[in-house]
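Colleague: Need coordinates for the below:
(2 chains)
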Amino acid sequence: MKIPRTVIPVMALALVVGTAGCGAKTGAKAGADGTPSTSCVDTSGDSVKIGFLDSLSGTMAISEKTVNDSLNLAAQEINAAGGVKGKKLQIVTEDGASEPKTFAEKATKLIQSDCVAAVFGGWTSSSRKAMLPVFEANNALLFYPVQYEGLESSKNIFYTGATTNQQIVPAIDYLASQGKKSLFLVGSDYVFPRTANKIIKAYAKSKGIEIKGEEYAPLGYTDFSTIVNKVSAAKADAVFNTLNGDSNVAFFKQYKNVGLTAQQMPVVSVSIAEEEVGGVGIENLKGQLTAWNYYQTIDSPQNVKFVKAFKAKYGAKRVTSDPMEAAYTSLYLWKAMVEKAGSFNVAAVQKAAGGVTFKAPEGTVKVNGDNHHVAKTALIGRIGDDGLIHTVWKSPAPIEPDPYLKGYVWAKGLAK
Amino acid sequence: MNILTERPNAGASRWAGAIPASVFVVLALALLVGAPQVLSSFRLSLLARFCCYAMVALGIGLAWGRGGMLTLGQGLFFGLGAYLMAMHLKLADAGQGQVPDFMLLYGDGKVPGWWEPFRSPILTLVAIPLVPGLVALILGLAVFKRRVKGAYFTILSQALAAAFAIFLVGQQTTTGGTNGLNGFRSFFGYALNDPVNKATLYYIAAATLLVMIAGMWFLYRSRYNELLIAVRDGEERVRFLGYDPANVKVFAYVVAAVLAGIGGALFVPIAGIISPADVGVLPSIGFLIGVAIGGRHTLLGPVLGTIGVAAAQNTLSESFPSFWTYFQGALFIVVVAFLPGGLAQLTGTLRRRRPASTASAAAHNPTPARESTG
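Modeller: Numbering: from 1, shown residues only, chains lettered A, B, ... in the order given. The predicted model follows:
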């Protein structure tokens, strides 16, 4: 028994084929940089394809399915009203499976194989960071619907959730206006809480607010006795909570168990929306504060219509939340951009994007043509007995997005 | 289980020689000639990824199938190789003396000392097999010399993968934290978004896998293979004969780690990303699924099983994005319940046909429980 002779030529062939197929070196201008592959989007028929990329399995599925639902609602409404530029939307759904590499892979598939005109989805920062190079390399468009840590701006991504100066900065302003002199920071150990807290610390310092402690728990961590004891001992005026997911259940239960209340030491959360309130339990959350740009309780004709349509499609028990609304809005914004551009072409849409507005359920939003974020009104809310969140303070006008916090003196040196 | 599939030297020359050789040639032709002809650039890149997984699976086949070491922690070695490669690519993209983008964003704008050596492409290429191999050597000696085995070894290996992922998440400024490392523009000077270079990466991955299979084929026909199976089936007896079973096991564990490390390193430029989600407990268990389904006792079972499962996962998740995971679960249950030797068992069963063979195979084979955890 020796090595089969047939194997040797095959291996040799492999080496020949392998070495023969050398493409462009970096720096060489052979379509390597700057000139991405040509788009294969087909707009000749009476429909146009778009991609919805959300985690439908894995740990993030519980949150991202809700975004997928509201995207489907928006698509249904748009199609019922005649589509975009007279073309019906044809949806290709893919599962990001809560893994960054799957998001990157499925985004590539949607762009290269399905030839979609735009992709809508993503939730975690790691999923967005994983998709960013894919959209830039293929010169395609992503609409990302979740509030995030800022310090990013890509011409291939439209950020329809809040950046830090539309959520975190106003939350600190609100706490300061309520006479809070000290804060305790609690967060999950990943990029959003770490970056958010870096910003909070810089801003608090400039406002003379003392930071009495900063604690991080791994994602999915559920033993908060030590952290809550530290919070309790620190006797801060308020807690700023950037925990994500299941950890919130354990944190708020423990918070209540040691006898801390919203009256004594309110907790401001930036990742708890209507959808999460039920999961954490109203009894643990009553009276606590949240910072977002949309609540189901907003009293506007657009929102009443959105909530009614959503409940009619998915059931009366369902609630609507900020990321869901931002996703719903993102599809309408893309429609408005395409109609303004008069084309589905990526470059044309990018060019037309600046100044595009939409009467969203949260109020009128306007796209910033420079950083591709949208101007949004900041809302501080209190969680009520009904499990919904009620606005207690709102910014006087929509806040212009400033992802790198360039307009804030205290933020100098936070981002290079 | 089938005696023929696991003891190629024990009078089963037909199975050991002719069948894998012809299957190997078919596989080589399919990978190197067929696939590039029929698959689109995107699908080819997916297959390249699956080849990287198959490298890990090949190693698991040796450690688990032959050596009985059920390792639930290959993500550690896959991750080591991947992160080493990713660090080099990040540094190369940044340029001589420059700092990778994410460090400017989240760190203090300085490259940590332990990153610096990986500016060198040669050192990186040396480190990719060496670091996972050394880690496995130290772990293996510490574990097997103390005669830790069975479920204890399995739990330990899994804990290490979990610890590694948690460590990476905590180091936002130096490893990218949960975001991991991504956004690579070049691979040893070649632009990664050039379709020709992407195809070349596929050929590199496929050829590497074929070379590894060929190497493993020699290993499976060596006396070492006999010794490894003997250690799996009766460690004390082997010790009694004057061998040190620990050394035998450590070697298999190190080989598996090196294969996983190389697989990880090739995965990075192909997938364009590595993050803690790819190296922790779940992916480590994921590596086992293909091995178990394909048949861990055979040479090609783990490879074909892994490529098949990955391709099936992909197709199913595209066709049924909301509930594809149920199919995967069902397939795993069916195989574990009805085909404990994996799909490779089917070929063996067909070959033998007579029910009496099961009894004779059982006589040569110790209890599955002991075998699978030893």
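Colleague: hang on, isn't A:Val116 packed against A:Leu89?
Modeller: No. Using C-beta atoms under 8 Å, A:Val116 makes no contact with A:Leu89, being 10.1 Å away. Bear in mind the C-beta positions are built from the backbone N, C-alpha and C, glycine included.
Colleague: What score does the closest residue to chain A within chain B have for pLDDT?
Modeller: Ranked by C-beta to the nearest C-beta, the top residue of chain B for proximity to chain A is B:Val196, at 3.0 Å. pLDDT, B:Val196: 92.
Colleague: Give me the pLDDT for the residue of chain B most remote from its centre.
Modeller: Of all residues in chain B, B:Asp108 has its C-alpha farthest from the mean position, at 35.8 Å, by C-alpha atoms, centre = their mean. Looking at B:Asp108, its pLDDT is 79.
Colleague: Spit out the contact partners of the nearest residue to it once chain neighbours are set aside.
Modeller: Distance criterion C-beta to C-beta, 6 or more residues apart in numbering or on different chains; nearest residue to B:Asp108, sequence neighbours excluded, is B:Thr173 at 7.1 Å. Contact partners of B:Thr173, counting by C-beta atoms under 8 Å, 6 or more residues apart in numbering or on different chains, are B:103, B:106-108.
Colleague: coming back round to it: so the residue farthest from the centre of chain B: helix, strand or coil?
Modeller: For B:Asp108, the assignment made with DSSP: H, G, I helix; E, B strand; the rest coil gives coil.
Colleague: Just to check, A:Phe103 is in contact with A:Gly58?
Modeller: No. Here A:Phe103 does not reach A:Gly58: they are 10.9 Å apart, not a contact under C-beta under 8 Å.
Colleague: Of the two, which one has the most company?
Modeller: Using other C-beta atoms under 10 Å in any protein chain shown as the criterion, A:Phe103 and A:Gly58 rank with A:Phe103 on top: 30 against 17.
Colleague: Remind me which helix or strand the nearest residue to B:Pro117 once chain neighbours are set aside belongs to.
Modeller: Closest residue in space to B:Pro117, ignoring its immediate chain neighbours: B:Leu123 at 5.4 Å, by C-beta to C-beta, 6+ apart. Per DSSP states H and E: B:Leu123 is located in helix B:121-144.
Colleague: which other residues reach that helix?
Modeller: B:76-77, B:80-81, B:84-85, B:87-88, B:92, B:117-118, B:153, B:156, B:160, B:188, B:245-246, B:249-250, B:253-254, B:256-258, B:260-262, B:264-265.
Colleague: Now the buried members of those residues.
Modeller: For the contacts of helix B:121-144, a burial check counting by 16 or more other C-beta atoms under 10 Å in any protein chain shown picks out B:76-77, B:80-81, B:84-85, B:87-88, B:92, B:118, B:153, B:156, B:160, B:245-246, B:249-250, B:253-254, B:256-258, B:260-262, B:264-265.
Colleague: Which of those fall within helices?
Modeller: Under the assignment DSSP state H, the buried ones among the contacts of helix B:121-144 contribute B:76-77, B:80-81, B:84-85, B:87-88, B:92, B:153, B:156, B:160, B:245-246, B:249-250, B:253-254, B:256-258, B:260-262, B:264-265 to helices.
Colleague: what does the stretch 251-374 of chain B put close to chain A?
Modeller: Selection of the stretch 251-374 of chain B residues close to chain A by C-beta under 8 Å from any C-beta of the partner chain yields B:271-275, B:277-278, B:317-318, B:321-322, B:324-325.
Colleague: Out of those, which comes closest to B:Phe50?
Modeller: Using C-beta to C-beta, B:Ala271 is the member of these that lies nearest B:Phe50, at 10.9 Å.
Colleague: Please tell me how far the closest one sits from B:His297.
Modeller: 30 Å (C-beta to C-beta, to the nearest Å).
Colleague: So chain A: which segments form each domain?
Modeller: Structural domains assigned to chain A are A:47-161+A:322-375, A:165-298+A:379-411, following automatic domain parsing.
Colleague: for the stretch 1-150 of chain A, which spans come out with low pLDDT?
Modeller: Within the stretch 1-150 of chain A, the segments meeting pLDDT under 70 span A:1-23, A:25-38.
Colleague: Next, count neighbours for residue 298.
Modeller: By default, I'm working from chain A. Look at A:Ile298: counted by other C-beta under 10 Å, it has 25 neighbours.
Colleague: let's do chain B instead
Modeller: Each residue near B:Thr298 was counted by other C-beta under 10 Å, and the total is 30.
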